[in-house]
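sequence first, predicted model second:
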Amino acid sequence: MTKLGRRDFLAWLTGLGFAHAVVGEPPPATASAVRLFLGGDLMSGRAIDQILPFSNPPEIHEPYLHDARDYIALAERRNGPIPSPVTFEYVWGDALAVLAAMRPEVRIVNLETAITTYDRYLPKGINYRMHPGNIGLLRVAQLDCCVLANNHVLDWDVPGLGSTLDTLRAAGIATAGAGPDRATAQAPAVIPLAGGRRVLVFAFALADSGAPRAWNAGDGRPGIALLPDLSPATVASIARRAAGYRRAGDLVVLSLHWGGNWGYAIDEAQRRFAHALIDAAAVDVLHGHSAHHVKGIEVYRGRPIIYGCGDLLNDYEGIRGYEAYRPDLGLLYFPTLDSLSGRLLRFDLVPVRRCRLRLQLADADETAWLHAVLARESASLATGIHAVDGPMPRLVVETESR
């Protein structure tokens, strides 16, 4: 499929029922439904930081490459020239039109990049940072919450984390999963909705994602919210914490950075843990991430479990070795929940491709590949995934488990 023109794109959006947003009229909505946007790992350091209006020095501290601009060269070698500097809108590409059309009430991503100019890095092999002057990259997408419990937010040590928190706060973007002490790191971001409703966003990481145990926040010690394990005791601790914040009408999103970078397998312990969070902690959405590619989706008791969102933004275009996983492809996740019961009403997935350091709508072949993989991996979780034909194919998750 060739790249769609505006007319075809509008036709596709009309099929979704949301084209009004693109042409200036609000989409149809009901008071009892809340639509979320959930994004995977947003890595805006290295090459992306270099092409934006502001940038840190290009020196990086990796075993094989020592200049962030080398990642630009790799991407250009694969897909063609990349302009520089670019606008903040450039990197989001087609995703901004999709967001405008879908009109999610809450937008949540896993920010896996420190926002800082601090120069003291932790020697851990890969370090991501974005210049604070580039905060417009997050603002232009109208993000409501950046979850920070991951294995890169402290790449530039405690001052880098402090700069990240300060920059996001000044931009009006809530955070969860990291802070100056344990209580703050484990507290939820509170996103207000119309009518006094709220979305509570809790964020945690596990050590198997690469998050160092030394980063765990403590009493008076900055860091991230790191879970010790997937045990019933950990579930009970999360349940107590959620109950302490939750009030009638709130929806709870739990964002979890877990597992390795590659591989589709979902450990049975992970699945038991996800189910227990819904059963015992009344979690409405589990937003999982860490793997660089999409993983299976499950609907359990009417609640969506995303075991791995895949990456949202990165600079991996020219890296070889994992082509079988198609890491250039990803999804934008749009679950719609009943605001009274928390049950999943609808779950749209919009396929995208990362090309020339920006997001493009996936073509028919790319969408078919994503559908085949996601349907295969979700079938073992008793969840169906359907492709919807039209000028722009999309995927829809069955709202009831089989």
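Nice, I can see it.

export the longest helix belonging to the chain as PDB, just CAs?
Counting by DSSP state H, the longest helix found in the chain is helix 364-379. Provided in PDB are the C-alpha atoms of helix 364-379 (Å, rounded to 0.1, in the frame of the first residue of the first chain):
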ATOM      1  CA  ALA A 364      -1.300  -3.100   4.400                       C
ATOM      2  CA  ASP A 365       1.600  -5.600   4.400                       C
ATOM      3  CA  GLU A 366       3.000  -4.300   7.600                       C
ATOM      4  CA  THR A 367      -0.400  -4.300   9.200                       C
ATOM      5  CA  ALA A 368      -0.900  -7.800   8.100                       C
ATOM      6  CA  TRP A 369       2.400  -8.900   9.600                       C
ATOM      7  CA  LEU A 370       1.500  -7.200  12.900                       C
ATOM      8  CA  HIS A 371      -1.900  -8.800  12.900                       C
ATOM      9  CA  ALA A 372      -0.500 -12.300  12.300                       C
ATOM     10  CA  VAL A 373       1.900 -12.000  15.100                       C
ATOM     11  CA  LEU A 374      -0.400 -10.400  17.600                       C
ATOM     12  CA  ALA A 375      -3.300 -12.800  16.800                       C
ATOM     13  CA  ARG A 376      -0.900 -15.800  17.200                       C
ATOM     14  CA  GLU A 377       0.500 -14.600  20.500                       C
ATOM     15  CA  SER A 378      -2.900 -13.400  21.900                       C
ATOM     16  CA  ALA A 379      -4.700 -16.700  21.000                       C
END
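
can you give me the buried ones in whichever helix or strand comes after it?
Sequence-wise, the next helix or strand downstream of helix 364-379 (DSSP states H and E) is strand 385-388. Within strand 385-388, the residues scored as buried using 16 or more other C-beta atoms under 10 Å are 385, 387. Quick note: C-beta positions are derived from backbone N, CA and C, even for glycine.

other SSEs contacting the helix or strand just after strand 385-388?
The helix or strand immediately downstream of strand 385-388 is strand 394-397, counting by DSSP H and E. Counting contacts by 3 or more C-beta pairs under 8 Å, 6 or more residues apart in numbering; DSSP states H and E, strand 394-397 packs against strand 344-355, helix 364-379, strand 385-388.

what lies in contact with strand 394-397?
Applying C-beta atoms under 8 Å, 6 or more residues apart in numbering, the contact partners of strand 394-397 are 12, 16, 297, 299, 304, 331, 344, 346-351, 367, 370-371, 374, 378, 383-388.

can you say which of the helices and strands packed on strand 394-397 is packed in most?
Stretch with highest mean neighbour count among these: strand 344-355 (a mean of 21; mean count of other C-beta atoms under 10 Å).

ok, that one: who's next to it in the sheet?
Within its sheet, strand 344-355 is paired with strand 329-338 (antiparallel), strand 358-361 (antiparallel), strand 394-397 (antiparallel), according to DSSP bridges.

and residue 133, which of those strands is closest to it?
Residue 133 sits nearest to strand 358-361 of all those, at 19.4 Å, using C-beta to C-beta.

restricting to C-alpha, output the closest one in PDB.
Output in PDB follows, covering the C-alpha atoms of strand 358-361 (Å, rounded to 0.1, in the frame of the first residue of the first chain):
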ATOM      1  CA  ARG A 358       9.500   9.600  12.700                       C
ATOM      2  CA  LEU A 359       6.200   7.600  12.900                       C
ATOM      3  CA  GLN A 360       4.400   6.700   9.800                       C
ATOM      4  CA  LEU A 361       1.100   4.800   9.400                       C
END
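
now do that strand, average pLDDT.
For strand 358-361, mean pLDDT is 97.

please identify the buried residues of it?
Buried residues in strand 358-361 (16+ other C-beta under 10 Å): 358-361.

if we can go back for a sec, tabulate the strands paired with strand 344-355 (CSV), appending distance to residue 93.
Shown next, in CSV, are the strands paired with strand 344-355 (distance: least, C-beta to C-beta, whole Å):
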stretch, distance to residue 93
strand 329-338, 11
strand 358-361, 4
strand 394-397, 17
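
most neighbours per residue, which of those strands?
Of the strands paired with strand 344-355, strand 329-338 is the most buried (mean count of other C-beta under 10 Å), at a mean of 24.

as a whole number, average confidence for it?
pLDDT averaged over strand 329-338 gives 97.

what is the burial count for the closest residue to residue 303 other than its chain neighbours?
Using C-beta to C-beta, 6 or more residues apart in numbering and skipping residues adjacent in sequence, the residue nearest residue 303 is residue 278, 4.9 Å away. The number of residues packed near residue 278 is 21, by other C-beta atoms under 10 Å.

need the distance between the two termini of stretch 337-353.
27 Å (C-alpha to C-alpha, to the nearest Å).

what mean pLDDT does stretch 89-101 get?
Here the average pLDDT along stretch 89-101 is 96.

list the buried residues of that stretch.
Buried, per 16+ other C-beta under 10 Å, within stretch 89-101: 90-101.

same check, this time on stretch 50-62
Here stretch 50-62 shows 50-52, 55-56, 58, 60 as buried, counting by 16+ other C-beta under 10 Å.

perfect, that will be all.
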